[in-house]
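Participant: 3D model of this:
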Amino acid sequence: TLPIGYIPGRLLIRFNKIMLSYTVIPNVTLLPKEDGFAYLNTWGAISIDGQTFEFPIYNYFKVAKSYTITVGEEATDITYRKLEMAYQKVLVPEPTLRVTNTYPSPNDTMVYPSTNYYIYFNSPIDSNSVSNNINFSPNVNGKWKTDSYDRRYIFFSPEVGFKANTWYEITLSTGIKDTSNNYLPSQTTLRFKTIPFKVTYTYPQNGQQTVYTGENISVIFSGYIDTSTVSNAFSITPFVNGTFNFHETYFWFSKYQNFLPNTTYTVTIKSSIRSMLGDTLAAPYVFSFKTASAGN
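Facilitator: Numbers count the residues shown, from 1 in each chain. Below you'll find the predicted structure:
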């Protein structure tokens, strides 16, 4: 048996007799052996119960490629009877180009709007076949990219993220092909849903005590923020003067002077703050922290 899509793979061979493992393991081959693709490693092979042997298989099988498993006639059972002849089995482990996995997973409903979208295949992908053969609904501005190290996966990087609280459908057409000109045999449709636009983390955290008076305030969101809406949506009590700095999904407030010691500060992020795609908070976000005493 040869499970398909299991990485690392394994080859299981079962005999009708108890076998001498030292006569079996060195005499099993998987051919052809091609650089960068699947190969069998006899060093990691084991006897499970004397009749069943497991051989690890590393790397991916080449799509539409025939492989031959051979058990040599030197394989001997415990009564020293050998196989009458070498056993061979020809199979095509990966008959067609296919999607093996995605991130986020299909039908995931907890996807951050700021995430990239990854699609994993069973073969290195021809990057020229991607952009015109994958569509998002609703449409998203961004670029498909391939990894220079592992071309078996591609990823989509949206310019300003996905819209919050939205179902997206991704359609892959049969124009997608791998580097050996194997085409996707049928249209494939994938889906995921983004979470609402919200605050996902703050520093200091809500309720945190003995915060160093020299710390700045950081707020991270689930999506890309519209920086023009930050200053009017941010307030801190007692008042502290400072400036804002930004990076995609978060901002930090750099104050001009240290916080007062042993003082509770309350930060409010109004619902008027927006993402780059116009999403707003469902309600104002409020968190408080207390600074350390003087000298700490």
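Participant: right, and L91 touches S66 too?
Facilitator: Yes: taking CB atoms under 8 Å as the definition, L91 is a contact partner of S66 at 7.3 Å. For every residue, glycine as well, the C-beta is placed using N, CA and C.
Participant: Now the phi/psi pair for L260, please.
Facilitator: Dihedral pair for L260: phi -70, psi 140, per degrees, to the nearest 10.
Participant: One more: R274?
Facilitator: For R274, the backbone dihedrals are phi -130, psi 160 (criterion: degrees, to the nearest 10).
Participant: contacting residues for the nearest residue to L281 once chain neighbours are set aside?
Facilitator: With CB to CB, 6 or more residues apart in numbering as the criterion, L281 has its nearest non-adjacent residue at 4.3 Å, and that residue is S271. Residues in contact with S271, defined by CB atoms under 8 Å, 6 or more residues apart in numbering, are 233, 280-284.
Participant: Also W144?
Facilitator: So W144 contacts 127, 130-131, 134, 154-156 (CB under 8 Å, 6+ apart).
Participant: switch the cut-off to 6 Å
Facilitator: Neighbouring residues of W144 by CB atoms under 6 Å, 6 or more residues apart in numbering: 130-131, 154, 156.
Participant: of those, buried ones?
Facilitator: 130, 154, 156 (16 or more other CB atoms under 10 Å).
Participant: how far away is E74 from S180?
Facilitator: Using CB to CB, to the nearest Å, we find E74 at a distance of 35 Å from S180.
Participant: nope, K193 is what I was after
Facilitator: 35 Å.
Participant: between the two, which one's more packed in?
Facilitator: More neighbours surround K193 than the other of K193 and S180, with 16 against 13 (other CB atoms under 10 Å).
Participant: got the CA positions of whatever helix or strand that one lives in in PDB?
Facilitator: Secondary structure assignment for K193, by DSSP states H and E: strand 188-194. Listed next in PDB are the C-alpha coordinates belonging to strand 188-194 (Å, rounded to 0.1, in the frame of the first residue of the first chain):
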ATOM      1  CA  THR A 188     -11.400  24.000  -7.900                       C
ATOM      2  CA  THR A 189     -13.300  26.400  -5.500                       C
ATOM      3  CA  LEU A 190     -12.200  27.300  -2.000                       C
ATOM      4  CA  ARG A 191     -13.800  29.600   0.600                       C
ATOM      5  CA  PHE A 192     -12.900  31.400   3.800                       C
ATOM      6  CA  LYS A 193     -14.400  34.100   6.000                       C
ATOM      7  CA  THR A 194     -12.600  37.000   7.700                       C
END
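Participant: what packs against it?
Facilitator: Applying 3 or more CB pairs under 6 Å, 6 or more residues apart in numbering; DSSP states H and E, we find strand 188-194 packed against strand 108-111, strand 167-172.
Participant: Out of the contacts of S271, which end up buried?
Facilitator: Among the contacts of S271, those classed as buried by 16+ other CB under 10 Å are 233, 280-281.
Participant: between these, which is nearest F251?
Facilitator: F251 lies nearest to A233 out of those, by CB to CB, at 10.1 Å.
Participant: Can you tell me how far the closest residue to the closest one other than its chain neighbours is from A283?
Facilitator: Closest residue in space to A233, ignoring its immediate chain neighbours: I273 at 3.8 Å, by CB to CB, 6+ apart. Look at I273 and A283: by CB to CB, they are 12 Å apart.
Participant: ditto for L40
Facilitator: 59 Å.
Participant: What ranges does the protein have for its helices?
Facilitator: Here the chain has its helices, by DSSP state H, at 21-24, 230-233.
Participant: and the ones you listed as TSV, adding mean pLDDT and distance to T266?
Facilitator: Putting the helices of the chain into TSV (pLDDT from 0 to 100; distance: least, CB to CB, whole Å) gives the following:
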stretch	mean pLDDT	distance to T266
helix 21-24	96	70
helix 230-233	96	15
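Participant: out of these, which comes closest to V240?
Facilitator: Between the helices of the chain, helix 230-233 lies closest to V240; by CB to CB that is 13.3 Å.
Participant: The residue nearest to A233 - how many residues pack around it?
Facilitator: I273: 25 neighbours (other CB under 10 Å).
Participant: wait, it sits on T229?
Facilitator: Yes: the criterion here is CB atoms under 6 Å, and I273 meets it with T229 at 5.0 Å.
Participant: Please spell out which residues along stretch 213-228 are buried.
Facilitator: Buried-residue list, stretch 213-228, by 16+ other CB under 10 Å: 213, 215, 217, 219-227.
Participant: Closest one of those to K145?
Facilitator: Distances from K145 to the buried residues of stretch 213-228, taken by CB to CB, are shortest for Y224, at 18.0 Å.
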